[in-house]
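A.B. asks: Structure, please.
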Amino acid sequence: MATIIDGRALAKKINAQTHKRVAKLNQQGIHPGIAVVIAGDDSASLIYTRNKHKKAMKLGINSILRKFPRDISQNELLAEIDNLNKDDSIDAILVQQPLPPQIDQKTITNAILPEKDVDGLNPLNLGKLFANQNTNHPIACTPRGIMRMLKEYEVQLKGQNAVIVGRSILVGKPLLALLNNADATVTMAGRNTRDLTKLTQTADILIVAAGVPHLIGAADVKAGATVIDVGINRLSTGKLTGDVDFDSVKEKAGLITPVPGGVGPMTIATLMEQTVDLAQWRHHG
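C.D. replies: Got it, this is the predicted structure:
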């Protein structure tokens, strides 16, 4: 049976470190600040943004929550981003996805100053990641959190076969760069990849972020593999479940993340940690 990766416990450890860092920066007259922007009334997004706001305040990070109606125009949202870019009290800007259909996500992402881009999605920051530049630049929070989990649980990356199921700019693509930079052999796939099972069975490290409940079962997993489940799906029963059939796969994998309690808490903890990074880099370089 697999060892279960405890994302909540690791997130708690990171949050404690972040809290201490905030207190130390406060003593130097530096007060990290984050602005979370949400447009629309998506219930899941509202919950996520409130949780991020509460966590920031609990850790001593100044947090601003900007809520806008679903019918906000792109120009209005861009004006708000511009205001936050110019606000010296804000170190980090996060625009919650999904955005309403009249808003172009790429345009909004590109409008955030790279040095305030806490999601690490601005093309300049993505370019530095893929170029493996040894500079201070933000990295997408979920992939950064996953890499932290792999390090904490001493998962060997160099020379290992890693398969990522899911090509999103939020998870799959940054993670591909991070794993490649760590000398893993990385293959990216999607839900429509031919012979997906044949591919996932080769993975020493399998990361699933496809948004399909129970896409991966025990037959799709190599014995002893590390399985990271990024999916968060709500079933008709109201139960949260991942993209991996946890109950069957945990009998075959070596390490596995649960849903909930795995990647999710790490994403928020990493967001807070990176907000403090941005504040520190801005003031100390």
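
A.B. asks: so what are the domain limits for this structure?
C.D. replies: As given by automatic domain parsing, the domain ranges for the chain are 29-115, 141-264.

A.B. asks: who's in contact with the residue nearest the centre of the chain?
C.D. replies: In the chain, the C-alpha closest to the average C-alpha coordinate belongs to residue 142, at a distance of 1.7 Å (C-alpha atoms, centre = their mean). Residue 142 makes contacts with 170-171, 175, 209, 230, 263, 266-267, 270, as judged by C-beta atoms under 8 Å, 6 or more residues apart in numbering. Where you see a C-beta, it was placed from the backbone N, CA and C, and this is true even at glycine.

A.B. asks: Relative to residue 20, how far out is it?
C.D. replies: Taking C-beta to C-beta, to the nearest Å as the measure, residue 142 and residue 20 are separated by 24 Å.

A.B. asks: what's the answer for residue 104, then?
C.D. replies: Note on residue 104: its distance to residue 20, by C-beta to C-beta, is 40 Å.

A.B. asks: Residue 75: how many residues sit nearby?
C.D. replies: For residue 75, the number of neighbouring residues by other C-beta atoms under 10 Å comes to 8.

A.B. asks: ranges for the strands of this structure?
C.D. replies: According to DSSP state E, the chain carries its strands in the segments 3-4, 33-39, 62-68, 92-95, 161-165, 185-189, 205-208, 226-229, 233-234, 240-241, 255-256.

A.B. asks: Make JSON lines from the ones you listed and add distance to residue 50 to it.
C.D. replies: Shown next, in JSON lines, are the strands of the chain (distance: least, C-beta to C-beta, whole Å):
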{"stretch": "strand 3-4", "distance to residue 50": "28"}
{"stretch": "strand 33-39", "distance to residue 50": "9"}
{"stretch": "strand 62-68", "distance to residue 50": "8"}
{"stretch": "strand 92-95", "distance to residue 50": "13"}
{"stretch": "strand 161-165", "distance to residue 50": "30"}
{"stretch": "strand 185-189", "distance to residue 50": "33"}
{"stretch": "strand 205-208", "distance to residue 50": "27"}
{"stretch": "strand 226-229", "distance to residue 50": "24"}
{"stretch": "strand 233-234", "distance to residue 50": "17"}
{"stretch": "strand 240-241", "distance to residue 50": "17"}
{"stretch": "strand 255-256", "distance to residue 50": "29"}
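
A.B. asks: Mean pLDDT, distance to residue 136 and mean neighbour count added to these, as a markdown table?
C.D. replies: Listed next are those as a markdown table, based on pLDDT from 0 to 100; distance: least, C-beta to C-beta, whole Å; neighbours: other C-beta atoms under 10 Å:
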| stretch | mean pLDDT | distance to residue 136 | mean neighbour count |
| --- | --- | --- | --- |
| strand 3-4 | 98 | 33 | 14 |
| strand 33-39 | 96 | 17 | 24 |
| strand 62-68 | 95 | 21 | 17 |
| strand 92-95 | 97 | 14 | 26 |
| strand 161-165 | 98 | 25 | 25 |
| strand 185-189 | 98 | 24 | 18 |
| strand 205-208 | 98 | 25 | 28 |
| strand 226-229 | 98 | 26 | 27 |
| strand 233-234 | 88 | 35 | 14 |
| strand 240-241 | 92 | 35 | 16 |
| strand 255-256 | 98 | 30 | 22 |
